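*Asks:* sequence first, then the predicted structure:
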Amino acid sequence: MKDLSVLCGDALGLMTPLLLAAIGGLFTELAGMLNIALEGLITIGAFAAAAAVHAVSASPHFPAAGNGAAAVIALVAGSLAGGMVALGYGIGSQRLKANEFVAGLATNLLATGIVVALADRLLGNKGVVSLAIPGLARPLERTLGNMPFLGELLFRQDILTYASWFLVIVASFVITKSTFGLRLRASGSNPGALATLGRNPKRYRLVAVVLSGLACGLAGAALTVSLSAYVPDMSAGRGWIALVAIYLGGKKAGGVLAACFVFAFAESLSNYAQGVLRVPSDFILALPYAITLAALIGGAAWKRLRGGQIR
Amino acid sequence: MKAPARAALTARLLGFGVAIVGAALLAILLLWGLSSSFSASLELFFLGPFRNAWYFGNMLAEASVLVLAGLGAAVAFGSRNFNLGGEGQVYAGAIAAAAILLGLPTASPPLGIGLALLGSALAGAALAWFSGRLKLSLGVDELISSFLASAIFVYLGGFLISGPLQDPSSNFQSTASIAPAFRLARLFPPSNLSTAAFASLFALGLAMFLSKRTRLGFEFGLVGRNAEFARYAGIDTGFYVTAPMALSGALYGLAGAFLLLGTQYKAMKGFTSGIGWSGIAVALVAGNSPSAILPSALLFAYLDTGAKAVMIGSDVTGDIVSVIQATVFFLVTARAADGLFGTRASRLRAGGKKAR
């Protein structure tokens, strides 16, 4: 029982970047786009966060590490960088009418290429770079962290994890209750009707893309902050898994949350397996993709079984 | 030449031109930003591939592999099947060929090479066919499933190379080298250009013949242009999902095999990386037309060789090729060119799903 609560608690921590990316991707998905650029946007966010912290901590004006400023700088820089790259992707695919899918592919390629090219320049190293980012605050740990079961599970998470849950609620509210959310969904499901209202569906798609970029950039920064280091290929397929989580979650915020937890639990389990079973690392690295593919096939088969429509 | 055909050709050439100029400008910008000796690295990038026999031959050798990978991508895209698994399929082909040749070190060269090519084509085809099959029977998006299956295989392949196939006498994560009898003859030593280039040219000729002169090629293109119409015309459109995917995977697999037989002689961890994406870029620039694959492959081989010359000869270390590739992807599909040049380029774009 105690193992289960630890495993689930770890999973909730691991879920944070995935959840952030998936919630961002939910906006583009509802706006009718297949946003395969999530992976590249996470990569950009992780790198920008590292580059910002690296640059700031090299400056003499930066007070000794130990306060939360480094983490805040990382999160803001990552999110903004993700948003900016997403804006380019959005302008390309919506305004310049580039094929959405190929433009997404290009964004991913560009992200990996530019990050490798810049890592040497900005971080002074192409490999792992450790950064002066203190651990994030865990606001409930002292008061509630010792509760049986729930303490391990819920109350030892860091503040970013709680913030990501809050963002899910906000996103869900915006999508289902607000006028903006209604129009955003219309830009995907019925762009003609939206155009009749005098609203440009493409503008809503562009906003959705930028929102997904901000969220994915934040997700990438969360990876950097949680490790206090930058590791090449840090995203490791999370963008793709987020995309599948959106599908499996039925394109609803609650469903996406549940799907993300399943993936995070699998990750936490595979971390555990790596320690205990001594499985070759190649298998562990392949696991997220394998789980995603299995979930995709399983989800499609399940839809078929329930007599769902053939796409 | 009839007017529509001429307009189509003009559009493709314009698209090609925009992509080349854009990629060249970006390369210049990157070198300016990243290099401390701008003019020297600029010269290396643009003239390096022609400077000596080694670079020049390697450029042609790379183009010959890219022709196969580009055909692989074009076969799938031309029939509106999005095979994104090229990376894994090239790797699978190379590893299959290595395993076969290492398992049969004393076979006669024609037999051994023949079996290796067959095995590599089958390995690549199986990986891609799986995604086509999933699309047909469960409606799973093939572009996601092929990407994922390929990503899984990239790690499994890494495991095979550093595990069961690992050369015990080597400190690198690689298989042993294949027997010298199996290595394809070099045409232009010391460069890597080998007789594999003839195989690529043969495949190219075959593809051109099939697409222009046979019913198979005609139906293939028809399904790609308008699947609904093709279905009404009584064409088995299901066949044109699994068959192009398998053929695409087979070509990718062969690209991997020829890289092994002609250039590398042994499979190292990650040694084929990037060929799958390059194949897609080659096919996009060529507008999925077999006759345009060769110039397109030469262009990418030139860019890549130039980038390698820069990496070896200057202080720019990064992966500037993938940045250039990304720009080409973007420019080739961006329909902004339509407005600029007033052509009908948009109809000729590499296919893509209309925004849903």
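*Replies:* All right, it came through fine. Numbering: from 1, shown residues only, chains lettered A, B, ... in the order given.

*Asks:* quick check, pLDDT for B:Leu201.
*Replies:* On the pLDDT scale, B:Leu201 is placed at 89.

*Asks:* where exactly do the helices run in the stretch 51-200 of chain A?
*Replies:* A:69-90, A:100-118, A:141-144, A:150, A:159-177, A:179-189, A:191-196 (DSSP state H, counting those that start in this stretch).

*Asks:* just want the residue of chain A that's nearest chain B.
*Replies:* Residue of chain A nearest chain B, by C-beta to the nearest C-beta: A:Ala117 (2.7 Å). (Each C-beta comes from the backbone N, C-alpha and C, glycine too.)

*Asks:* could you check how far that residue is from B:Gly33?
*Replies:* 9 Å (C-beta to C-beta, to the nearest Å).

*Asks:* more neighbours, the two?
*Replies:* The neighbour count for A:Ala117 versus B:Gly33, taken as other C-beta atoms under 10 Å in any protein chain shown, is higher for A:Ala117 (21 against 12).

*Asks:* so, low pLDDT: which residues of chain A?
*Replies:* A:1-2, A:59-67, A:97-99, A:140-142, A:144-146, A:149, A:151, A:153, A:307-311 (pLDDT under 70).

*Asks:* B:Asn226: how many residues sit nearby?
*Replies:* 13.

*Asks:* what's the answer for B:Leu68, then?
*Replies:* Neighbour number of B:Leu68 under other C-beta under 10 Å is 31.

*Asks:* hmm, B:Tyr252 and it touching each other?
*Replies:* Yes. Judged on C-beta atoms under 8 Å, B:Leu68 makes contact with B:Tyr252 at a distance of 7.5 Å.

*Asks:* and for those two, which residues touch both?
*Replies:* Counting by C-beta atoms under 8 Å, 6 or more residues apart in numbering or on different chains, the residues touching both B:Leu68 and B:Tyr252 are B:Gly279.

*Asks:* and the closest residue to B:Gly86 other than its chain neighbours, what helix or strand is that in?
*Replies:* Excluding the flanking residues, the one nearest B:Gly86 by C-beta to C-beta, 6 or more residues apart in numbering or on different chains is B:Gly276, at 2.7 Å. Element membership for B:Gly276 (DSSP states H and E) is helix B:275-285.

*Asks:* between that helix and helix A:100-118, how big is the angle?
*Replies:* 130 degrees (axes from the mean of the first three to the mean of the last three C-alpha atoms, to 10 degrees).

*Asks:* tell me what helix B:275-285 is packed against?
*Replies:* helix A:100-118, helix B:3-34, helix B:53-78, helix B:86-103, helix B:239-258, helix B:290-313, helix B:320-333 (3 or more C-beta pairs under 8 Å, 6 or more residues apart in numbering or on different chains; DSSP states H and E).

*Asks:* format those as CSV; extra columns: distance to A:Asp158.
*Replies:* Converted to CSV, those look like this (distance: least, C-beta to C-beta, whole Å):
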stretch, distance to A:Asp158
helix A:100-118, 25
helix B:3-34, 36
helix B:53-78, 44
helix B:86-103, 35
helix B:239-258, 44
helix B:290-313, 40
helix B:320-333, 34
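
*Asks:* nearest to A:Phe283, out of those?
*Replies:* helix B:86-103 (15.4 Å; C-beta to C-beta).

*Asks:* before we move on, back to that, return the most buried member of the helices of the stretch 51-200 of chain A.
*Replies:* helix A:100-118 (a mean of 25; mean count of other C-beta atoms under 10 Å in any protein chain shown).
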